[in-house]
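> what would the 3D arrangement of this be:
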Amino acid sequence: MMKVYIRSAACISPQKTFNSTSFLDKLVTYEDNKLTCIEPDYSEVIDPRVIRRMSRVIKMSVVSAVACLKQARVANPDAIVTGTAYGCLEDTGTFLASMVEQDEDPITPTAFVQSTHNTIGAQIALLIKCKGYNNTFVSGGASFENALSDSMMLLAEKNNANILVGGMDEITDMSHAVLTRLGLYKRQPVSNINLFEAKSKGTINGEGSAFFLLANSATEGDLACIDAVSTFYKPVDITETTEQVTSFLAAEGVDKNDIDLLITGNNGDEKNDAVYSALQHSVFDSIPTVNYKNLCGEYPTSTAFALWIGAKMIKTNSIPAILNEGTAIATPIKKVLIYNHYQNSYHSLILLSAC
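Here you go, the predicted structure:
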């Protein structure tokens, strides 16, 4: 698959990432088991009459998508591709609650219509009047990676095209309570500053929306290149995981010594982080490494946030102090590998390089 160029990127997250002139210069701390997004003034982009009909994840996605296009000075992309595991959870919860309250009698269908996963991509298309290809991937922890792969295949087929691709998921009180009960998140409050020291069961919940404008031709202002994306599902053991990673690097003709920086999805859950620890003692040995989930929390499309970080680090040739836990970088940041797994089921690898 051909490499593609990241022309622009916009991200709304629990950190000060949206429309910020600095790059993660200060950590926003949380003392709970969930990290919620710092939301901008939506009325600057969306008509206030329209805002009140939108759920949080739609508002976050629309605004970050518009900001991404504005940065690239593109009014209308050739396609819009999104990836989300949960979709519009707030509207889904409203619809289910109404069914219970109304004893399953007929209710207004608005919440149901807006609860579908492709509502996000549709709302963006309606706002910018994009009539091109529009697709949403709902593949659990591989949703964003599948959206990326689809975008890269589309760009391989078209000359001088640009595609808007994004990954997003939200937290609601209902989903947080259910997933905490199932053991995904820690039962006690934990500071995100000390997340990786809290080696116990569970992690911290997170959310976010990140969009990227991808193109198949280079320009001077490009942030980084995406060389390859790969996913694999439910490896039998760490040996199979190691083989998958090794095969990916071999297929791309990359030696581990070529990688200047590794971004991993450590999240403070003892069982989850054991996978990363094993790989860092084998295939990732000696590669400088940073973690990112203490900034955004854990959610199925968190790799969209990791991609935003990776692209910005390559462009600025720097690692923010809040990410750099004693990591020494002796050479310019030319090649970055993102490796993440979601509940040891959905594993993904994203290879980035300087343009």
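
> which residues touch the closest residue to Asn159 other than its chain neighbours?
Nearest residue to Asn159, sequence neighbours excluded (Cβ to Cβ, 6 or more residues apart in numbering): Asn216, at 7.1 Å. To be clear about C-beta, it is placed using only N, CA and C from the backbone, and glycine gets the same treatment. Shown in contact with Asn216 (Cβ atoms under 8 Å, 6 or more residues apart in numbering): Met2, Val4, Tyr5, Leu155, Ala156, Lys158, Asn159, Asn160, Ala161.

> neighbours of the fifth one, how many?
Using other Cβ atoms under 10 Å, Ala156 is surrounded by 13 other residues.

> quick check: longest helix in the chain by residues?
When the chain is parsed with DSSP state H, its longest helix is helix 56-72.

> need the residue closest to the centroid of the chain.
Ala304 (2.0 Å; Cα atoms, centre = their mean).

> how about that one, nearest residue that isn't a chain neighbour?
Here the residue nearest Ala304, using Cβ to Cβ, 6+ apart, is Gly167, at 3.0 Å.

> any regions of the stretch 51-200 of the chain where pLDDT drops low?
88-115 (pLDDT under 70).

> next, please give the residue ranges for the strands of it.
With strands called from DSSP state E, counting those that start in this stretch, the stretch 51-200 of the chain shows them at 79-83, 133-137, 162-169.

> out of those, deepest packed?
Among the strands of the stretch 51-200 of the chain, ranked by average contacts under mean count of other Cβ atoms under 10 Å, first place goes to strand 162-169 (a mean of 29).

> within the sheet, what are the partner strands of that strand, with directions?
strand 79-83 (parallel), strand 208-215 (antiparallel) (DSSP bridges).

> first-to-last residue distance for stretch 74-84?
In stretch 74-84, first residue to last residue: 24 Å (Cα to Cα, to the nearest Å).

> show me what His347 is bridged to.
Going by DSSP bridges, His347 forms beta bridges with Phe232, His341.

> I'd say it and Phe248 touch.
No: using Cβ atoms under 8 Å, His347 is not in contact with Phe248, being 10.1 Å away.

> would you tell me which of the strands of the stretch 51-200 of the chain gets closest to Ala10?
strand 162-169 (8.9 Å; Cβ to Cβ).

> so how far is the closest one off the chain centroid?
A distance of 9 Å separates the centroid of the chain from that of strand 162-169, by Cα atoms, centre = their mean, to the nearest Å.

> same deal with stretch 276-287?
Using Cα atoms, centre = their mean, the offset of stretch 276-287 from its chain centre is 23 Å.

> average pLDDT for stretch 331-349?
The average pLDDT within stretch 331-349 is 95.

> oh sorry, the question was meant for stretch 203-214
Here stretch 203-214 scores 97 as its mean pLDDT.

> how about stretch 308-316?
In this model, stretch 308-316 has a mean pLDDT of 96.

> per-residue confidence at Leu323?
For Leu323, the model assigns a pLDDT of 87.

> tally up the residues packed near it, please.
For Leu323, the tally of surrounding residues (other Cβ under 10 Å) stands at 20.

> that one is in what secondary structure piece?
Per DSSP states H and E: Leu323 is located in neither a helix nor a strand.

> which ones are touching it?
Contact partners of Leu323, counting by Cβ under 8 Å, 6+ apart, are Leu24, Val290, Asn291, Tyr292, Leu295, Ile309.

> what sits opposite the second one in the beta ladder?
It refers to Val290. Taking DSSP bridges as the rule, Val290 bridges to Ile263.

> do I have it right that it meets Leu261?
Yes: if you go by Cβ under 8 Å, Val290 and Leu261 touch, sitting 6.7 Å apart.

> domains in this protein, by residue range?
Domain segmentation of the chain under automatic domain parsing yields 4-215, 227-350.

> so which bits of stretch 169-189 are buried?
Asp169, Glu170, Ile171, Thr172, Ser175, His176, Leu179, Thr180, Leu184, Tyr185, Lys186 (16 or more other Cβ atoms under 10 Å).

> quick one: stretch 223-236 to chain centroid distance?
Centroid displacement of stretch 223-236 relative to its chain, using Cα atoms, centre = their mean, is 13 Å.

> related to what we said a few turns ago, out of the contacts of Asn216, who's the most crowded?
Val4 (27 neighbours).

> now the helices for the stretch 151-300 of the chain?
Assigned by DSSP state H, counting those that start in this stretch, the stretch 151-300 of the chain shows helices spanning 173-181, 238-251, 270-280, 293-296.

> and those helices: which comes nearest Val336?
Nearest of those (Cβ to Cβ): helix 238-251, 13.2 Å.

> next, count neighbours for the nearest residue to Ile319 once chain neighbours are set aside.
Spatial nearest neighbour of Ile319, excluding adjacent residues (Cβ to Cβ, 6+ apart): Met313 at 5.9 Å. Burial measure for Met313: 25 neighbouring residues, criterion other Cβ under 10 Å.

> Met313 and Ile333 touch, don't they?
Yes: counting by Cβ under 8 Å, Ile333 is a contact partner of Met313 at 5.6 Å.

> which residues do the two both contact?
What both Met313 and Ile333 touch, as defined by Cβ under 8 Å, 6+ apart, is the set Leu261, Ile319.
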